[in-house]
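A.B. asks: From the sequence below, what's the structure:
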Amino acid sequence: MKNSIARVFLCILAVMIFVNVNVQASTLNVQTLNVDGEKVTVSVLSDTKDSKVVQSEDSKAITLTTYDKKNNTINVKQTDKLTKKVTLTDKKVDENKIKSSANKLNQLKSNSISAASTYLVNSEFSILWDDAYLYYSDKRWAIWNSSNSYYSTYETSSNSSDLLGFKNSVDSQVGYELAAIASVGTAACATVVGVLTAPTGVGAIVGVLVAIGAAISAGVTLWNAYKQRDNADFYWSRV
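C.D. replies: Sure, this is the predicted structure:
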């Protein structure tokens, strides 16, 4: 009888130890960020040789990201906390998106014909998207939004404020892009941008970063780049 009781006790103890170990292991897979006072949580639900599943949460949405390692695809399910609307994205990872950026200025100049007597005064272009501007000595602007739509105009008193807003947004956007690339590399940033067209917040971005094995440190920087991209598009539409 005593032996039976001892066996039962040992079984219960073993279960308790097993559960405790698993709880601790699960805790090790949870990371948090503080973004302007907002808590962002990222949890790795599973990680095998074939796939990695990550759940991330911010104040706006809960995002489930599944990285298919064999097929090199990422599935993202964003659930809006307020409306309960679900947005699904399933895309193949494209790490080649920004490899041609070194030649982008020449491409922009060739697509923006200017008079022979003028010269280029200032220019900047996004590395991850298509926002760009060229400013010539005759006060002509050639501007592109993130969808690569092109517009050319001369600066006047009525549009100078919006042109300056566009320029400043692109400049800030590029600064954040460079910082993110310095943090996690071009491939990781290109993957996030290729998968997430319009993330609801930082949570979705860090979810993809963790799923592909990148550090969450670039999440906030990339989120700021997204916001500046949207600002640039706003000013572009007003010019």
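
A.B. asks: ok, residue 118 - contacts?
C.D. replies: When contacts are counted by C-beta atoms under 8 Å, 6 or more residues apart in numbering, residue 118 touches 136, 137, 138, 140. Every residue, glycine included, has its C-beta placed from N, CA and C.

A.B. asks: Kindly confirm my reading that it forms part of a strand.
C.D. replies: No: according to DSSP: H, G, I helix; E, B strand; the rest coil, residue 118 belongs to no strand; its state is coil.

A.B. asks: what are the ranges of the strands in this protein?
C.D. replies: 30-35, 38-47, 51-57, 61-68, 73-80, 86-92, 120-125, 132-136, 140-144, 150-154 (DSSP state E).

A.B. asks: which ones are touching residue 203?
C.D. replies: 40, 41, 42, 56, 57, 58, 60, 61, 62, 63.

A.B. asks: switch the cut-off to 6 Å
C.D. replies: Taking C-beta atoms under 6 Å, 6 or more residues apart in numbering, we find residue 203 in contact with 40, 56, 57, 58, 63.

A.B. asks: Give me the neighbour count for residue 110.
C.D. replies: Neighbourhood size, residue 110 [other C-beta atoms under 10 Å]: 8.

A.B. asks: same question, residue 156
C.D. replies: The local packing of residue 156 (other C-beta under 10 Å) involves 9 other residues.

A.B. asks: Distance check, it against residue 150.
C.D. replies: Separation of residue 156 from residue 150 (C-beta to C-beta, to the nearest Å): 19 Å.

A.B. asks: Also residue 139?
C.D. replies: With distances taken as C-beta to C-beta, residue 139 is found 18 Å from residue 150.

A.B. asks: same question, residue 230
C.D. replies: Look at residue 230 and residue 150: by C-beta to C-beta, they are 19 Å apart.
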